[in-house]
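Participant: generate coordinates for the sequence data below:
(one chain, ligands or ions: 2)
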Amino acid sequence: MSELLTHSIIDAGRWIDAQGWCPATGGNFSARIDSSTAWVTASGRHKGALTPDDLIKVDFDGQVIDSALTPSAETLLHTALYALDDNIGAVLHTHSVTSTVLSRMVAADYLTLSGYEMQKSLSGNHTHNEQIGIRILENTQDMRALAQQLTSTWARTPLQWGFLVRGHGLYAWGRDMKEARRHIEGLEFLFACEREMMLLKK
Ligand SMILES: CSCCC(=O)C(=O)COP(=O)(O)O
Ligand SMILES: [Zn+2]
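Facilitator: Ligands and ions are numbered 1, 2, ... in the order given. As a prediction, the model looks like this:
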C-alpha cells in the first residue's frame, strides 16, 4: 500500500515536471497514509526526479516520523488540508507561470471563473454556467501563518479543489492522487484560459 502511495507521488512529479509546473525545485506533493500520517516530498529536491528515498512520513503536526531528512518547507499546508478534510487523500502544489502571474493580476481574495466547459473537470461541477471561486491566500515565508490563513478561511467557508498563493503557486487536492491530478490539470487549464482572456481584453 505504502509503495503504491509513494509511486503515485513520484509519477505525479514526473508528469507535473513534464508540464513545466515545478521548475527549479519548486512545488511539493503528498499522499495521505491514514488518519494521522502522510507521505510528503523532501525539501529542495527536483520534483521531476524523485525516488522513494525523497519521501518522508510526517504526522499532521508536520513532525517527521523515522527519517533524518527535512520535509518540504510547506509541509504544514499539506497536513492542515488532511486535518481539515478526512476526504482529502492527496495534495499537489505547482509553481506554474500561469498560477504565479494570475494570482498577482487579481487583487481580490478570490479568482472567479465562469462560462468554461472545463469547470466540469472539478468534482461536483456539471455545467459551465456556475460561478466558481478559487481563494487566493497572501504569500508569506511563515508557514505557520500561511497554514493559519488556510484554516481560518476554511472555518468560514470550506474550500473545494484548490487555492492559490499569491505570486507563488497553486495547491490542489483530491480524494486520491488520480483526482488530485485531474483537479490540478483542470485548474491550470482554466487559469491559462483566464490569463489569456485578461490579456486579450487589454
Ligand atoms: C525554489 S522553490 C521555493 C520553495 C517553494 O515554494 C516550494 O514549493 C518548494 O519547497 P520544498 O521545501 O518543498 O522543496
Ligand atoms: Zn511553493
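
Participant: from now on I want contacts and neighbour counts done on CA atoms only, so please keep to that.
Facilitator: Fine.

Participant: next one: the lengthiest helix in the chain to chain centre, how far?
Facilitator: Secondary structure of the chain per DSSP state H: the longest helix is helix 177-201. The chain centroid and the centroid of helix 177-201 are separated by 13 Å, computed with CA atoms, centre = their mean, to the nearest Å.

Participant: how about the residues of this protein by ligand 1?
Facilitator: Contact residues, the chain versus ligand 1 (CA under 6 Å from any ligand atom): 24-28, 43-45, 72-74.

Participant: got these as JSON lines, with pLDDT columns?
Facilitator: Shown next, in JSON lines, are the residues of the chain next to ligand 1 (pLDDT from 0 to 100):
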{"residue": "Ala24", "pLDDT": "98"}
{"residue": "Thr25", "pLDDT": "98"}
{"residue": "Gly26", "pLDDT": "98"}
{"residue": "Gly27", "pLDDT": "98"}
{"residue": "Asn28", "pLDDT": "99"}
{"residue": "Ser43", "pLDDT": "98"}
{"residue": "Gly44", "pLDDT": "98"}
{"residue": "Arg45", "pLDDT": "98"}
{"residue": "Ser72", "pLDDT": "98"}
{"residue": "Ala73", "pLDDT": "98"}
{"residue": "Glu74", "pLDDT": "98"}
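
Participant: select only the buried ones of the residues you listed in ChimeraX?
Facilitator: Burial among these is assessed by 16 or more other CA atoms under 10 Å; the matching ChimeraX selection reads:
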select :26,27,28,43,44,45,72,73,74
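
Participant: report the two of the residues of the chain next to ligand 1 separated the most.
Facilitator: Greatest spatial distance in the residues of the chain next to ligand 1: Ala24 and Glu74, 15.7 Å, computed using CA to CA.
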